[in-house]
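1. just need the structure, nothing else, for what follows:
(chains A, B, C, D, E and F)
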Number of protein chains: 6
Amino acid sequence: MTKLDPLIYEPLLRRALAEDLGRAGDLTTSAIVPADVSVVARIVARERGTVAGLPIAARVFVLVDDRIDFQLEVTDGDVVEPGTVLARVSGPAAGILTAERTALNFLGHLSGIATATAAMVESVRPHGARVADTRKTTPGLRALEKYAVRQGGGVNHRFGLDDAVLIKDNHLTVAGSVKEAVSRVRRSVGHLVKVEVEVDTLDQLAEALDAGVDAVLLDNMTIDQLRAAVDLVGHSVITEASGGIGPDTAPAIAATGVDLLSVGYLTHSAPNLDIGLDS
Amino acid sequence: MTKLDPLIYEPLLRRALAEDLGRAGDLTTSAIVPADVSVVARIVARERGTVAGLPIAARVFVLVDDRIDFQLEVTDGDVVEPGTVLARVSGPAAGILTAERTALNFLGHLSGIATATAAMVESVRPHGARVADTRKTTPGLRALEKYAVRQGGGVNHRFGLDDAVLIKDNHLTVAGSVKEAVSRVRRSVGHLVKVEVEVDTLDQLAEALDAGVDAVLLDNMTIDQLRAAVDLVGHSVITEASGGIGPDTAPAIAATGVDLLSVGYLTHSAPNLDIGLDS
Amino acid sequence: MTKLDPLIYEPLLRRALAEDLGRAGDLTTSAIVPADVSVVARIVARERGTVAGLPIAARVFVLVDDRIDFQLEVTDGDVVEPGTVLARVSGPAAGILTAERTALNFLGHLSGIATATAAMVESVRPHGARVADTRKTTPGLRALEKYAVRQGGGVNHRFGLDDAVLIKDNHLTVAGSVKEAVSRVRRSVGHLVKVEVEVDTLDQLAEALDAGVDAVLLDNMTIDQLRAAVDLVGHSVITEASGGIGPDTAPAIAATGVDLLSVGYLTHSAPNLDIGLDS
Amino acid sequence: MTKLDPLIYEPLLRRALAEDLGRAGDLTTSAIVPADVSVVARIVARERGTVAGLPIAARVFVLVDDRIDFQLEVTDGDVVEPGTVLARVSGPAAGILTAERTALNFLGHLSGIATATAAMVESVRPHGARVADTRKTTPGLRALEKYAVRQGGGVNHRFGLDDAVLIKDNHLTVAGSVKEAVSRVRRSVGHLVKVEVEVDTLDQLAEALDAGVDAVLLDNMTIDQLRAAVDLVGHSVITEASGGIGPDTAPAIAATGVDLLSVGYLTHSAPNLDIGLDS
Amino acid sequence: MTKLDPLIYEPLLRRALAEDLGRAGDLTTSAIVPADVSVVARIVARERGTVAGLPIAARVFVLVDDRIDFQLEVTDGDVVEPGTVLARVSGPAAGILTAERTALNFLGHLSGIATATAAMVESVRPHGARVADTRKTTPGLRALEKYAVRQGGGVNHRFGLDDAVLIKDNHLTVAGSVKEAVSRVRRSVGHLVKVEVEVDTLDQLAEALDAGVDAVLLDNMTIDQLRAAVDLVGHSVITEASGGIGPDTAPAIAATGVDLLSVGYLTHSAPNLDIGLDS
Amino acid sequence: MTKLDPLIYEPLLRRALAEDLGRAGDLTTSAIVPADVSVVARIVARERGTVAGLPIAARVFVLVDDRIDFQLEVTDGDVVEPGTVLARVSGPAAGILTAERTALNFLGHLSGIATATAAMVESVRPHGARVADTRKTTPGLRALEKYAVRQGGGVNHRFGLDDAVLIKDNHLTVAGSVKEAVSRVRRSVGHLVKVEVEVDTLDQLAEALDAGVDAVLLDNMTIDQLRAAVDLVGHSVITEASGGIGPDTAPAIAATGVDLLSVGYLTHSAPNLDIGLDS
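-> Numbers count the residues shown, from 1 in each chain, chains lettered A, B, ... in the order given. Predicted coordinates:
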């Protein structure tokens, strides 16, 4: 699942370009750069990280001018060092200058997510845990951000409210019990939908196991609680730790034996990876 | 310019909700929460920061169910402490649960930007400098992110390629000289468009002042170079420092006497502000 | 999961109305019906069936004129007899006449699907089997058609290519074996995604069970093969029969003991339910 | 009028593909099928019928991957036998597998309509009558479904509320008389718009002929009434029979001498034509 | 047909407002006008003319702020004098100032068309001729401009390429003869579509009458030719004069006895009607 | 700034084509012109003027059929005489006939604006004044119409409410004084936004100069007032005359010494330039 269909992201690229071009287009380039000037430029990493978004950046340049040629030097998921050339862009200078910022905005943002994911994946690997994303994504960019998480070695949690069930505390309050909530869900959703329950206590966890769920989200538990939860589950279902997990706290949480850590930080707070265009 | 017209952002909110609802909608809530259950919930800050995006969050809830009532307890631009209630949301529980994540994704992201901006504005205030954003924004969210910068006390740079001229190094290379580049621009753009030139050296700066620009972007200069540049300009035009400025380097750069610091960090790397929904 | 969020279907309703109104609007009504003429009309079933789409029909009328009042007399999922009044529509005559055909087109189509589903659900009930839909839906209407299947008592299969894995014969050919195909999928997809394999033979079925899938699609098997397959599986995973199943063949297939029948007929060939507007 | 401009249907194809790809795309194919695997496949009729939609199916494949080659073996409007190869599709296997279902959904649906139309056209041919469609089409697909009717030898009635006038019983009630209704319409619509009136009785028919209409819709009349109506009209205007006409009743209605039968069944209840992809 | 359904024009209004608001919205008003300032303003004609577009202007204000009240003082189609108050607009000052220009742009443009139409309708009335529009409309505004023509007393010609047939010289060249062209069309289009032929000579006109068309477009004929053509036709079909007709030439052309003049000038060259907002 | 990015205008072209094609497409051409007929045609000016919109016309033809070849004979901004061939269009006859009207509608409208602009630019040149457009543009076409103004030698005023500040009389009323209005604006808008004030009197003008604005709009002043205003300003800021300026009044206004005349007439009342397609 490392690919991303252009049919999914192209409308977003067009909107991003429209946002930058506005009504009058690139005033500066249009005034200064004659149509017949060509240029060869390089997209270069300015810091170490994991790259994500090169096909998207390529598509941005081509949408602006389909005579622009974009040659990959590395591929998404690669770890690059400062100074690494990621791609070579050649063709009409005007189009390249106009597309530059939009292309780099995608590339820097997605590579930032991939880099943060890769670092956390690395930090929890000794414990056999995996790192998953959440629905705490930037509005409008979910498919792309989850693609970036995959490039960093992470695992995707739900893409939306409709591709899996996650029963949260508010749902439990309304239903009255884990059992009743799971029962309502089972009667309602299709047979290819997995059901996960968010639990805060070991009692709730026991209830959830009884109710026959596919996964449990252990929310805001202490390290001790997590260990006890993992013991209780004994790999009968998937265990997932969640709740404000960051780079500092991830290894200790992973050491409790949970299967996954789900981490909002990856998509809502990962800093941009510094990538530039040199000509 | 602290307001933001709903006509500008509502299409974005609809896309964000569509992204989360997918084809089948909120499977969990739909299965568990009866239509007649109502709830009163509070949107609460979990850490200190500057809030931005409350009208947007309000609109998200109303788009999901127009019977949901959203009462502001603070307003955008306010500084809040952990535990501060930002708003009270009441009405049908199903709609509130369905809208929650999308609303919080906007609110956390924009408040994160406002908070980072406010911190930097504060740190440079003793030097009389202002903090400006850039076009290094998240694709699709520029109008909202620049609104968040304003809530944090920042100043907006260009909204796109078409509302001001910024002559960069690549443009200068094509034109051959600052003078020629500015001349081409003056012949081309309207009389209500300001012209700024990015300069790397004091020689280029002198050329730019000669050419009669409205502002100069002092790019990646050392502190000493910036001081010399400010001396040279003597407030005849706006001076702006740029190039990888972050929270740590901002005060020293501000101390050089530049009018503004333009900072990509605010919009591409500010972490999310932790805001939740308690019921 | 019986509800359907208006945010999901409203864009479709607007397109359907635009399709009918064209550029000049309702020439006939506009010429003949003065703005101040009101009417009370009834939406009436002309044949027996299961209703689906009333909230959608209601929304069509309101989009045309928000002064139109739509009162439900039955609700989606109800079985109605010829002559049953489904809803009462009152308000400006012009708007009601303009919206009538679009509203009825949705209502007749979705009720047709619900009715065909309900009939098949009934026919297989003695055998404890359930009836599922497929991705063989009318382009653009999948969310609505799957909603109609639910109203008829059916179960939803995948909503698209991205909410569950279904490994088909062509995938197996490329992968070389069921085991390899499942292994590739497990490395690629998230932990909340179920995996189903389409099998044509008992040997393939055994391979699939070995590989550890969540469900098996028994494709175009004879009654005898289906019985043997059900024996082999012994309820360890979900069993689903598929392949040209229609009203005539469903009961015998259900009698083999499979958990589900997945039936393209429900959404691609169910005839319209005859529903009209009487004034 | 057998062609259909791609500008008209391409937005619909993109929406249909987006509906199937969702946010994450084709999980199964993406995980299993390497980018460099090519395939040659055939689109094959599994039952006898009249084909419609091949250019649309071709466009679906190309939208998914423009390296896919689609070679027609028959053309829209052709009658095919079980086993007839309709087209050969070759190129990247991943794209072909991803596009398959969407392409076949269009092709099966439109060919089903063409097939039902052709059968009815054949059945009424001895009587010199033609078969027309109605506005009882699937929401969003009207232009395509009416194209399919043409491929089956049928005639198109109105495409919407705005390309011809059809005065129905409710309009007559408001206007007070056929004469007044026609008069209002003539004052209102352009000179290139035809006017048809729906009549239930011979008296109304006489009034309509007096009022000078272009066509009359003889609604829900008995065979005897239809014969009398045809006599009364004597080919002075177009006569059209309507009202629940199906394959069984069409020949007898055609035998009354009406010019056309307008038949909702063609577009709202024609079963899918079974067409598959073999590789 | 004097009404225009808001479903048809509202998307256009939203695009027009988005075009004016851009990314940052109304900088001036947002900076200066507090949210709680209300205003009462009048929309006033500054010159004599026929008004068209008031419901559209009203909708523009409401889209910007739904608390704005818009009270009509005249209605579309009315002739107004300089100083006539067309409507009163009251509510939040900020919204009224923001919407003003977009609302007036619609109103001035459409009223300009209605005014030019009314003048020409008046000038040809003594001859019993009517004035029709053409497809020479401003891109994107056809439905609105044709509505404005109706307000001025004009008649609508085709709304597009698909609601009537107009066989032009290039079509005749391809077909070889009028007879063949009409024959091809009759076999192709539905029974509710009128057929018009453009003729340049009396010979072609005779051919067209033979072929049995519904209307003839007498293109670029001299006054003498037009008179002869009208004689030849003798009211057996609709006669329409076309070809560069303007206010000066219309009366003489009308005097030849043609039924209609079709006039591109109305929609492509009518000057704006001066209408302003006074507060 | 003479170029216009296709990303900006292509959505508008698609909407214009959709508007003309409707649901059924080009009935006439589809019935008469076989797919294999090719044609060579010329786009010809029928009157003298300045051309604008050729790349847009070219794109319209290609969108309809990408096998159509469009060869420019002149370029936008050129002055052409009656009979001048602007471009040669060759390829499939059907596509060329279908695209013709939409292409010419853009070309005639934009060339009309360029022609009116060029005439006024010429008439004021002896006085050293320039001609600017306004926001009084046709809804939806602003970017294109302002492009046409540039082709005629004119200067662009604001593209919308968000790319410069223009303080009008209503804003001044709310603020209480020019000084207060300018002060509010300066605190609110970014450093790259110019500020202009509309003044009606010399007193207001003096206030505006005091307040430190970038430009003044001298609204509806007499020739004497304009002269006095120009004296008062003495080139310290940009002076712009506005208010119902037309071809007749422009030279005298220009003679007062103002820098610019801003003229709504150019975009809201310029007549179409007559351009046709000859084959």
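
2. the residue of the stretch 151-279 of chain A found nearest chain D: how many residues sit nearby?
-> Per Cβ to the nearest Cβ, A:Phe159 is where the stretch 151-279 of chain A lies closest to chain D, at 4.4 Å. Heads up, the C-betas are built off the backbone N, CA and C, glycines and all. By the criterion of other Cβ atoms under 10 Å in any protein chain shown, A:Phe159 has 25 neighbours.

3. and for A:Pro34?
-> A:Pro34 has 11 neighbours, counted by other Cβ under 10 Å.

4. give me the secondary structure label for it.
-> Here A:Pro34 is recorded as coil under DSSP: H, G, I helix; E, B strand; the rest coil.

5. ok, now which ones touch it?
-> A:Ala94, B:Val174 (Cβ atoms under 8 Å, 6 or more residues apart in numbering or on different chains).

6. how about the nearest residue to the residue of the stretch 151-279 of chain A closest to chain D, chain neighbours excluded?
-> In this structure, A:Phe159 finds its nearest non-sequential neighbour in D:Arg23, 4.4 Å apart by Cβ to Cβ, 6 or more residues apart in numbering or on different chains.

7. what helix or strand is the one you found on?
-> Using DSSP states H and E, D:Arg23 sits in no helix or strand.

8. residue contacts, it?
-> By Cβ under 8 Å, 6+ apart, the neighbours of D:Arg23 are A:Ile8, A:Arg142, A:Ala143, A:Lys146, A:Phe159, A:Gly160, B:Glu19, B:Gly22, C:Asp162.

9. redo that, cut-off 7 Å
-> Going by Cβ atoms under 7 Å, 6 or more residues apart in numbering or on different chains, D:Arg23 touches A:Arg142, A:Ala143, A:Phe159, A:Gly160, B:Glu19, B:Gly22, C:Asp162.

10. right, and the first one touches B:Glu19 too?
-> What that stands for is A:Arg142. Yes - the pair A:Arg142 / B:Glu19 is scored as a contact, 5.3 Å apart, by Cβ atoms under 7 Å.

11. give me the domain ranges for chain A.
-> Annotated domains of chain A cover A:6-119+A:271-278, A:122-268 [automatic domain parsing].

12. need the ones you listed in TSV with distance to B:Asp36 and mean pLDDT, can you?
-> Formatted as TSV, the domains of chain A follow (distance: least, Cβ to Cβ, whole Å; pLDDT from 0 to 100):
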stretch	distance to B:Asp36	mean pLDDT
domain A:6-119+A:271-278	38	97
domain A:122-268	11	97
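
13. okay if I get these as CSV plus distance to E:Ala206?
-> Below are those laid out as CSV (distance: least, Cβ to Cβ, whole Å):
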stretch, distance to E:Ala206
domain A:6-119+A:271-278, 52
domain A:122-268, 63
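
14. anything in the biggest helix by length in chain A near chain C?
-> If you go by DSSP state H, chain A has its longest helix at helix A:93-124. No - judged by Cβ under 7 Å from any Cβ of the partner chain, helix A:93-124 makes no contact with chain C; its nearest approach is 13.6 Å.

15. contacts for whichever helix or strand comes after that helix, please.
-> The helix or strand immediately downstream of helix A:93-124 is strand A:130-132, counting by DSSP H and E. Contact with strand A:130-132 is made by A:117, A:120-121, A:124, A:154-157, A:240, A:259-263, as judged by Cβ under 7 Å, 6+ apart.

16. from those, which are also near chain D?
-> Answer for the contacts of strand A:130-132 near chain D: none qualify (Cβ under 7 Å from any Cβ).

17. and these, which of them are in strands?
-> When those are checked against strands (DSSP state E), the matches are A:Glu240, A:Leu260, A:Leu261, A:Ser262.

18. pretty sure the last one is in contact with A:Ser242, am I right?
-> Yes - the criterion here is Cβ under 7 Å, and A:Ser262 meets it with A:Ser242 at 4.5 Å.

19. okay, those two: which has more neighbours?
-> Applying other Cβ under 10 Å to A:Ser262 and A:Ser242 shows that A:Ser262 carries more neighbours, namely 26 against 21.

20. tell me the contacts of the more buried one?
-> A:Ser262 is in contact with A:Ala132, A:Thr134, A:His157, A:Glu240, A:Ser242, counting by Cβ under 7 Å, 6+ apart.

21. between all of those residues, which two are separated the most?
-> Within the contacts of A:Ser262, two members stand farthest from each other by Cβ to Cβ: A:Thr134 and A:Glu240, at 10.2 Å.

22. and these two? which has more neighbours close in?
-> Ranked by neighbour count (other Cβ under 10 Å), A:Thr134 and A:Glu240 place A:Glu240 first, with 25 against 21.

23. chain neighbours aside, what residue packs nearest to the more buried one?
-> Spatial nearest neighbour of A:Glu240, chain neighbours left out: A:Leu260 (4.5 Å); criterion: Cβ to Cβ, 6+ apart.

24. same thing with A:Tyr265?
-> Counting by Cβ to Cβ, 6+ apart, A:Tyr265 lies nearest to A:Gly246, which is 5.2 Å off, once chain neighbours are set aside.

25. for whichever residue of chain A sits closest to chain E, phi and psi?
-> Residue nearest to chain E within chain A: A:Gly22 (6.4 Å; Cβ to the nearest Cβ). Here is the backbone geometry of A:Gly22 (degrees, to the nearest 10): phi 60, psi -140.

26. what does the one 4 residues further on give?
-> Backbone torsions of A:Asp26, given as degrees, to the nearest 10, read phi -80, psi 90.

27. and for A:Glu145?
-> phi -70, psi -40.

28. who are the contact partners of it?
-> A:Ile113, A:Thr137, A:Thr138, A:Thr267.

29. neighbour-wise, which one of those residues leads?
-> Going by other Cβ under 10 Å, A:Ile113 tops these with 34 neighbours.

30. all helices of chain A, in order?
-> Counting by DSSP H, the helices of chain A are A:6-21, A:27-32, A:54-64, A:93-124, A:142-151, A:169-175, A:178-188, A:202-211, A:223-233, A:250-254, A:265-268.

31. got those helices as a markdown table, with distance to F:Asn170 columns?
-> Below are the helices of chain A laid out as a markdown table (distance: least, Cβ to Cβ, whole Å):
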| stretch | distance to F:Asn170 |
| --- | --- |
| helix A:6-21 | 30 |
| helix A:27-32 | 29 |
| helix A:54-64 | 40 |
| helix A:93-124 | 37 |
| helix A:142-151 | 43 |
| helix A:169-175 | 48 |
| helix A:178-188 | 56 |
| helix A:202-211 | 61 |
| helix A:223-233 | 63 |
| helix A:250-254 | 57 |
| helix A:265-268 | 42 |
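
32. the stretch 1-150 of chain A against chain D: which residues are in contact?
-> When proximity is defined by Cβ under 7 Å from any Cβ, the stretch 1-150 of chain A lies next to chain D at A:Met1, A:Lys3, A:Leu4, A:Asp5, A:Leu7, A:Ile8, A:Arg142, A:Ala143.
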